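Visitor: With the sequence up front, the predicted model follows.
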Amino acid sequence: MTSDRRTLEFYLLAAFFALFVLFLYGPLSTILILSFQGPNGGLTFPMNGVSTRWFQNLFETQAVGDFGGSFTRSALLGLMVMATTVVVSLLAGLAFRRGFFGATPLFYLAISSLVVPSILVSLGIGLSFQILGLEPTWWSSAFGAHLTWTLPFGVLIMFAVFNRFSPAYEEAARDLGASSWQAFAHVVLPIIAPSLVGVGLFGFTLSYDEFARTLMTAGSFNTLPLEIYGMTTNVTTPVLYALGAVTTLVSFGVIGVSLAAIAVIARQRKKLGVS
Amino acid sequence: MTVAADASPTSVETEAPPRKRRLALPLAPYLQAAPLALILGAFLLLPIAAIVIVSFWDYDSVQIYPAFVTLNYEESLGSWVTWSTFLNTLKFVAIVWAITLVVGFWVAYFLAFHVRTSKMQTVLFLVCTVPFLTSNIIRMISWVPFLGRNGLLNSALVELGIVPAPLEFLLFSEFAVVLAMVHLYALFMVTPIFNTLVRIDRSLVEAARDAGASSWQILTNVIIPLAKPGIAIGSIFVVTLVLGDFITVRFMSGGQSASMGLMIANQISLLQYPAAAANAVALLILVLLMMAAILKIVDIRKEL
């Protein structure tokens, strides 16, 4: 396994891995290609010419429903969920690190939030709002529904980070006379910054793509995944693929920016001589 | 220190600061944990309580009424449709779990033991992760041009003369549901297994080899036993995701297959909330039983 010569096992597994990657990306690339389908082309190959007509179609409101509005709502909701997930997970991580009465039940509650099926969260929040006489909206009920999915991931990441975090750094800061806030802001926060970017990335992308938890909680205005799902039942032109291509590129953009941010932080740290 | 100080005040003084700290500090973790507890309480515990309560309510075609009837459970559990849907859901769970376990293990094994630099490991792992951060619905739709009647796969098969006519079972079938679920959920198996594999002490593998173990023996006697917690965590993810799934079943089977989640979603769209709630309680119990079974076999606590 760690021998110098590549074994047959290596080549077999490498081929398997390559197939897996092809399996992951193959279908995705077909819709990227088909979104440039010619004006008279259909939902499958062959390409009937090449055009950007379906992308233009996307912005004509009457053709495909409310793309602009649902995109704006999903992006805003994603940012709200991202900010909340980062702050709440960080605070919870600090709390779990110190320990408190009830830490274990709260941790198991966060874990169970991962395993409760999305449709149940959706139904439960929808029913709660109905019983309480509240109007479900994307910024209240759907916001809460998304947090039940993003927070456990955030808490787990923070848990793992603080498990490996040496208290020696903070103790050194305190010995040099830093207040506990200074030790946190100037020592702890910079060290865990890349992980926080990761938590934020999870928060945004999981919310931006969430469908099942939004189903009964979005109220009268659709988020983007709901809009796309609606389109699958009544749109039979490649405009569906154009929408898919645009949202996928937005996701890729967010992932790219996050990874770049993590890389920049890592490089700065290297420059400062901190590992 | 004052001149007047004698033994008793100093002993009080040395005792006092720790006591003060013990009183002042504990408040902070509670304040820090409060937002998480409040959000999960309001958007997880309260909604589940609402489902349990509403599952005993009565309803007609227009609205739901507070009541205490067990009719919803009787109708649901007394119906042959419910039990066959139950079994169909468990069938999807078993098939998807088995495939993601095999695929996930070998992918994780390759990344952990055959990729030499940690930089390359990170890069390849990210390559696997990126599609999972994009929309599930788009990833499902993306199978249409590939599997459809005139899709890429059928055209290729017909052109190569492997089959005489396009295969009909590729899209909108249970095959398509399983394929899409493996596509959507495989990473949930890869990540936890990869995490446990990279933490295995390499000297254990060396020791086994020095003792004369073959690659296969090392795999079955050293690596797989040590990978069990990761396998368990991945299994919990995949099992619960498939159990609750309704969108993949609805979209990829084209309405020709059923699952618990889909049954609940259909009842919701018909506004039969109490019936949906009763089935939701049954689904929740099933999920918890599955989790308990997995946790009973493998202790994952040391992984957290």
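Guide: That came in fine, so what should we check first? Numbers count the residues shown, from 1 in each chain, chains lettered A, B, ... in the order given.
Visitor: Dead centre of the chain: give me the residue that sits there.
Guide: Going with chain A. Centroid-nearest residue in chain A, with C-alpha atoms, centre = their mean: A:Thr205, separated by 2.2 Å.
Visitor: wrong one, chain B
Guide: Taking C-alpha atoms, centre = their mean, chain B has its central residue at B:Phe237, 1.9 Å away.
Visitor: from memory it sits against B:Tyr185, does it?
Guide: Yes. Look at B:Phe237 against B:Tyr185 with C-beta atoms under 8 Å: they come within range, at 7.3 Å. C-beta: built from backbone N, CA, C; applies to glycine.
Visitor: ok, now which ones touch the nearest residue to B:Tyr273 once chain neighbours are set aside?
Guide: In space, and not counting its chain neighbours, B:Tyr273 is closest to B:Ile64: 5.2 Å by C-beta to C-beta, 6 or more residues apart in numbering or on different chains. Going by C-beta atoms under 8 Å, 6 or more residues apart in numbering or on different chains, B:Ile64 touches B:Val54, B:Trp57, B:Asp58, B:Tyr273, B:Pro274.
Visitor: Verify the contact between the third one and B:Gln272 for me.
Guide: Put plainly, it is B:Asp58. No. Between B:Asp58 and B:Gln272 there is no contact under C-beta under 8 Å: 11.1 Å.
Visitor: Who has more neighbours out of those two?
Guide: B:Gln272 (20 against 14; other C-beta atoms under 10 Å in any protein chain shown).
Visitor: List the contacts of that one.
Guide: For B:Gln272, the contacting residues are B:Tyr59, by C-beta under 8 Å, 6+ apart.
Visitor: And chain A, is the strand or helix carrying B:Thr129 touching that?
Guide: B:Thr129 belongs to helix B:118-129 when elements are defined using DSSP states H and E. Yes. Helix B:118-129 is in contact with chain A by C-beta under 8 Å from any C-beta of the partner chain, via B:Leu124, B:Leu126, B:Val127, B:Cys128.
Visitor: buried stuff in that helix?
Guide: Across helix B:118-129, burial judged by 16 or more other C-beta atoms under 10 Å in any protein chain shown covers B:Gln121, B:Leu124, B:Phe125, B:Cys128.
Visitor: Downstream of the helix or strand of chain A with the lowest mean pLDDT, the next helix or strand is which one?
Guide: Every helix and strand in chain A was compared by mean pLDDT, DSSP states H and E; the lowest is helix A:61-64, with a mean of 56. Using DSSP H and E, the helix or strand that directly follows helix A:61-64 along the chain is helix A:67-98.
Visitor: What is the distance between that following helix and the centre of its chain?
Guide: Taking C-alpha atoms, centre = their mean, to the nearest Å, one finds helix A:67-98 lying 10 Å from the centre of the chain it belongs to.
Visitor: just stretch A:142-153 next, same as before
Guide: Centre to centre, stretch against its chain (C-alpha atoms, centre = their mean), the figure for stretch A:142-153 is 11 Å.
Visitor: for that stretch, what is the average pLDDT?
Guide: Averaging pLDDT along stretch A:142-153 yields 94.
Visitor: Likewise for stretch B:177-185?
Guide: pLDDT averaged over stretch B:177-185 gives 94.
Visitor: Give me the buried positions along that stretch.
Guide: Going by 16+ other C-beta under 10 Å, stretch B:177-185 has these buried residues: B:Val177, B:Val178, B:Leu179, B:Ala180, B:Met181, B:Val182, B:His183, B:Leu184, B:Tyr185.
Visitor: Do any residues in that stretch lie close to chain A?
Guide: Yes. Using C-beta under 8 Å from any C-beta, stretch B:177-185 reaches chain A at B:His183.
Visitor: tell me the secondary structure for the residue of the stretch 1-150 of chain B found nearest chain A?
Guide: Minimum separation of the stretch 1-150 of chain B from chain A (C-beta to the nearest C-beta) falls at B:Pro47, amounting to 2.6 Å. Secondary structure state of B:Pro47, per DSSP: H, G, I helix; E, B strand; the rest coil, is helix.
Visitor: what's the pLDDT at it?
Guide: pLDDT for B:Pro47: 94.
Visitor: ok, now how distant is B:Ala50 from B:Pro66?
Guide: As for B:Ala50, its distance to B:Pro66 is 12 Å (criterion: C-beta to C-beta, to the nearest Å).
Visitor: dump the residue contacts of the closest residue to chain A within the stretch 151-300 of chain B.
Guide: Closest approach of the stretch 151-300 of chain B to chain A (C-beta to the nearest C-beta) occurs at B:Gly244, with a separation of 2.2 Å. Contact partners of B:Gly244, counting by C-beta under 8 Å, 6+ apart, are A:Val116, A:Pro117, A:Ser118, A:Ile119, A:Leu120, A:Ala212, B:Met260, B:Gly261, B:Leu283, B:Val287.
Visitor: And the pLDDT for the fourth one?
Guide: If you check A:Ile119, the pLDDT there is 91.
Visitor: And the first one, by the same measure?
Guide: Here, the pLDDT recorded for A:Val116 equals 92.
Visitor: show me where the stretch 151-300 of chain B has helices.
Guide: Using DSSP state H, counting those that start in this stretch, the helices of the stretch 151-300 of chain B run over B:152-159, B:174-198, B:202-210, B:215-218, B:224-244, B:247-253, B:260-269, B:273-297.
Visitor: Tell me which of the ones you listed lies nearest to A:Gly68.
Guide: helix B:247-253 (24.2 Å; C-beta to C-beta).
Visitor: got the contact list for the closest one?
Guide: Under the contact criterion C-beta under 8 Å, 6+ apart, helix B:247-253 has outside partners A:211-212, A:229, A:232, B:92, B:136-137, B:140-141, B:143, B:171-174, B:176-177, B:179-181, B:184, B:257-259, B:261-262, B:265.
Visitor: do the same with stretch B:196-209
Guide: The contact list for stretch B:196-209 (C-beta under 8 Å, 6+ apart) reads A:1-2, B:108-109, B:111-113, B:121, B:217-218, B:221-223, B:226-231, B:303.
Visitor: same question, stretch A:30-44
Guide: By C-beta under 8 Å, 6+ apart, stretch A:30-44 touches A:45, A:47-55, A:236-238, A:240-242, A:244-245, A:248, B:138, B:141-142, B:144-146, B:148, B:150-152.
Visitor: Try it again at 6 Å.
Guide: A:48-51, A:53-54, A:238, A:241-242, A:244-245, B:142, B:145-146, B:148, B:150-151 (C-beta atoms under 6 Å, 6 or more residues apart in numbering or on different chains).
Visitor: Likewise for stretch B:173-190?
Guide: With contact meaning C-beta under 6 Å, 6+ apart, stretch B:173-190 is reached by B:95-96, B:99-100, B:103-104, B:107-108, B:132, B:136, B:140, B:169, B:234, B:237-238, B:241-242, B:248-249, B:252-253, B:257.
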